[in-house]
Structure formats: C-alpha cells, structure tokens
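> pasting the sequence and the predicted model now:
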Amino acid sequence: MHTKNIFTFFLIGLVSHIVIAQQTYFPERGNWQEKSPSTFKIDSQKLDDAIQFAKNNGYSGSTDLRLAILKGFEREPYHNILGPTKKRGGPAGLVIKNGYIIAKWGDVNRVDMTFSVTKSYLSTMAGLAVDNKLIASVDDPTYNYIWDHTFDGDHNHKITWRHLLTQSSDWSGQLWGGYDWADRPPKEGGIDDWRSRKLNEPGTVFEYNDVRVNVLAYSLLNIWRKPLPQVLKEKIMDPIGASTTWRWYGYKNSWINIDGVKMQSVSGGGHSGGGLFINTLDHARFGLLFMNKGNWNGQQLLSEAWITEATTSSQANSNYGFMWWLNQKGTRHWDGLPEHLYYAAGFGGNFIVIDQKQNLLVVTRWLEPKQIDEFMTKVYNAL
C-alpha cells in the first residue's frame, strides 16, 4: 500500500476515534455507567474538593419544607400552603461528563421537592406544544387560545406566550386564590399600594411571580387538553428512561373540567406546595437531553430550535430565557465561569447546570444557594 494511502487510513481512524470519544453516552433505564474523572483528564482531587464543599455547605433552612416555605415567604399577604410538601434530604448531586457519571454525593435516588426547577420542565411543555403545532407562535396573544376570563381586560389582552415564558407579562388577576400583586410584593408600601400599582407593558419588565407561572401552566393544560404530567411522561420522561418515582402536583383547589374529565392544573414550583417531586438521577436525564439539544440517542424529543430560543436572553432580563437562567453578564452572572452556561434553579439550592460546549452537566440538591458560584468555580478548576 502506498504511503499516502496508509496516512489517509491513519487519519480516518484517528478522526473516527476522536468522534467516538466525544460522543455522548445515553444511560438505559435503571442503569448509568460511571467513569473516573481521569478518563477525561479531569483532576480527581480538585473535583473531590468541590464535592466536599457541596457536602459542607448544605442548605441552612429547615428540613421540614413546609416550615421553610412559610418562613421564606412570610411577607406575602394571604400566602397559604395549597399543595403537598415533603421533608427534604441532605446535600446530593452528580457531575456528568459526556453522559458518564464522574462524581456523585448524597442520596441521588431520593425523591424531593425541587421548587422552581419545575419551571424549566413547564417551559418544555410549551416547547412541545410549539413543536406539535398546538401553538403556532410564542408571539401569539394567549387570549387567542384561552378564551375564558383569564386574559380579559386591555392589559391582559396584550400578553403573549413569550411574555409568560420570560416572566415579563405583568399579568393582573387571581388564580387558585393567589393574587398576582401579593406574590413577592415590593419592599416598599403596603397592600393598598400593591393593589393599585401601575401595570408594566408586557415584555418590558421581568418579575419572578409564581401566580403568573401558574397561569402559564393553566393555559398549557387547556392547550394539551390532558394533564401536563402525562404529557411530560409520554413525551420526555419515558423516552429518556426516567424512573417511575417522580410526581408533579398542583393545589387542592386547582382542579378543572376539560372535555368532561376532571384534571389538576399543576404548579410551576413549590412556593405554595406542589410542583415537581423528583430524584437527582431523573433531573440528570432531563439535563442530559438539553445538553444534547433535545436529542436522546438519535431520537429528537424536543426541537433544537426550541432549546436555542429557550436559552436565549429575553428583552426584559439578559439572565433569563424561557424559564432557564443564563450566565450572561447581568445581575445573576457567575464571575469567572463561561457565559454559555445555562441552568434551572429552585428554592433551597436545587440546580441543573448545563455546559453544551464542554459536554458537562452538574445537578445539585440542597446546596446553600449563595454558594453555587463558588461550588461551580471549584468544579471548573478541576477541568
């Protein structure tokens, strides 16, 4: 064989080896392969230091999450626990490279509340609705689809799906006994001031507000015409091999009748109880799907176009997309860490952090929230 041909075959083999080495491993249901960090030239000692930091800096709030919720939102008038709660476990988490577990700590099989990480699952239900043409465009006014009184009034009439997804709708009203103005009210003024406030033009001002998130959940329930946990199970969780232990709850008073069937409208977090109850490994599978741009082992479960849009800065907040936080320059920027990172975040230190460029995924549970920046810095120091 000519030298040129031998060299060509060598290059083909080398490129093939590199491609295979960079391919993502997709774990089968009930089985997840582990590899040493050194396999990927990651410093094991530095990664161990990061894990020890997470263990030493667990969430300082009560393990009785009912008490933690009531204390955390004690300023809110009329705040009630309407959905189920559950006592939490201790710090737990996973670091995953190219689909392989390279570090884990705590009880990763324990099912716990995950609070606002639920919002990233909820926005995925909107993505599936767009992919399935149930929603023609996220820029459509929501009242075109939801014709009851939810979007009555000149202000609410302007609200689009995009505004709900980016938490910039300033929707005004009451749902399941919760008033929009009573959710995380300003530090200034009182009830009379909050009730009579001037409404912001939809799309211009970001405001984290669970009542409005629940309006999105209610609207998507009307679009799908079946419970959102069922949509999540059929379209996402079963195909990615998630366990049968996760649950998604609403409130005791969030039941409605659709097509003659009683269905519960789920909540987008645990602010008033409810939301997604899930273990760390199932979170990791969901994160791995996003890290691979909606593709699971060759099957496109969620369009890449949706994931790109969902993780793009919104007009009202450079650090927020479609219910995913972005590490862009802004008030939530993690200094010294890549700006292409994006993550789901929830009360009590629950995070799913995704780095598509590094093929790296980190899931943490019950990490003191203010320590997430330092923890992630320690993880990246090991790379």
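Received the coordinates, thanks.

> which residue ranges of this structure form strands?
Using DSSP state E, the strands of the chain run over residues 92-97, 100-105, 112-113, 174-175, 178-179, 247-258, 261-266, 275-278, 295-296, 299-300, 325-326, 342-346, 350-355, 360-365.

> what is the fourth one packed up against?
Using 3 or more C-beta pairs under 8 Å, 6 or more residues apart in numbering; DSSP states H and E as the contact test, the elements touching strand 174-175 are helix 210-224. (C-beta placed from N, C-alpha, C; glycine too.)

> elements contacting the helix it packs on?
Checking 3+ C-beta pairs under 8 Å, 6+ apart, helix 210-224 ends up next to helix 118-131, helix 161-165, strand 174-175, strand 178-179, helix 228-232, strand 247-258, strand 261-266.

> pLDDT averaged over that helix - what is it?
For helix 210-224, mean pLDDT is 98.

> okay, the helices and strands packed on helix 210-224 in a markdown table with mean neighbour count, mean pLDDT and distance to residue 380 next?
Shown next, in a markdown table, are these (neighbours: other C-beta atoms under 10 Å; pLDDT from 0 to 100; distance: least, C-beta to C-beta, whole Å):
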| stretch | mean neighbour count | mean pLDDT | distance to residue 380 |
| --- | --- | --- | --- |
| helix 118-131 | 24 | 98 | 22 |
| helix 161-165 | 25 | 98 | 29 |
| strand 174-175 | 15 | 98 | 41 |
| strand 178-179 | 22 | 94 | 39 |
| helix 228-232 | 20 | 98 | 31 |
| strand 247-258 | 18 | 98 | 32 |
| strand 261-266 | 18 | 98 | 35 |
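
> closest one to residue 304 among those?
Closest approach to residue 304 among these is made by helix 118-131 (10.5 Å; C-beta to C-beta).

> what's the angle between the closest one and strand 247-258?
For helix 118-131 against strand 247-258, the angle by axes from the mean of the first three to the mean of the last three C-alpha atoms, to 10 degrees is 50 degrees.

> any chance of the helices and strands packed on helix 210-224 in TSV, plus distance to residue 102?
Listed next are the helices and strands packed on helix 210-224 as TSV, based on distance: least, C-beta to C-beta, whole Å:
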stretch	distance to residue 102
helix 118-131	23
helix 161-165	33
strand 174-175	43
strand 178-179	42
helix 228-232	28
strand 247-258	29
strand 261-266	33
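
> compare the ones you listed and give me the one nearest residue 222.
Nearest of the helices and strands packed on helix 210-224 (C-beta to C-beta): strand 247-258, 7.0 Å.

> that older thread, which among the strands of the chain is found nearest to residue 49?
strand 100-105 (10.9 Å).

> how far does that closest one sit from the chain's center?
20 Å (C-alpha atoms, centre = their mean, to the nearest Å).

> same deal with stretch 128-137?
The answer for stretch 128-137 is 19 Å, by C-alpha atoms, centre = their mean.

> just the CA atoms of it, as PDB, please.
Output of stretch 128-137 as PDB, limited to C-alpha atoms (Å, rounded to 0.1, in the frame of the first residue of the first chain):
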ATOM      1  CA  LEU A 128     -43.600  20.500  22.900                       C
ATOM      2  CA  ALA A 129     -46.800  22.400  22.100                       C
ATOM      3  CA  VAL A 130     -44.900  24.500  19.600                       C
ATOM      4  CA  ASP A 131     -43.200  21.500  18.100                       C
ATOM      5  CA  ASN A 132     -46.600  19.800  17.800                       C
ATOM      6  CA  LYS A 133     -48.200  22.900  16.300                       C
ATOM      7  CA  LEU A 134     -50.600  23.300  19.100                       C
ATOM      8  CA  ILE A 135     -49.200  26.800  19.500                       C
ATOM      9  CA  ALA A 136     -48.400  28.500  16.100                       C
ATOM     10  CA  SER A 137     -46.000  31.000  17.600                       C
END
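
> export the strands of the chain to JSON lines and append columns for distance to residue 201.
Conversion of those to JSON lines gives the following (distance: least, C-beta to C-beta, whole Å):
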{"stretch": "strand 92-97", "distance to residue 201": "40"}
{"stretch": "strand 100-105", "distance to residue 201": "46"}
{"stretch": "strand 112-113", "distance to residue 201": "34"}
{"stretch": "strand 174-175", "distance to residue 201": "21"}
{"stretch": "strand 178-179", "distance to residue 201": "20"}
{"stretch": "strand 247-258", "distance to residue 201": "29"}
{"stretch": "strand 261-266", "distance to residue 201": "27"}
{"stretch": "strand 275-278", "distance to residue 201": "29"}
{"stretch": "strand 295-296", "distance to residue 201": "37"}
{"stretch": "strand 299-300", "distance to residue 201": "36"}
{"stretch": "strand 325-326", "distance to residue 201": "23"}
{"stretch": "strand 342-346", "distance to residue 201": "26"}
{"stretch": "strand 350-355", "distance to residue 201": "32"}
{"stretch": "strand 360-365", "distance to residue 201": "37"}
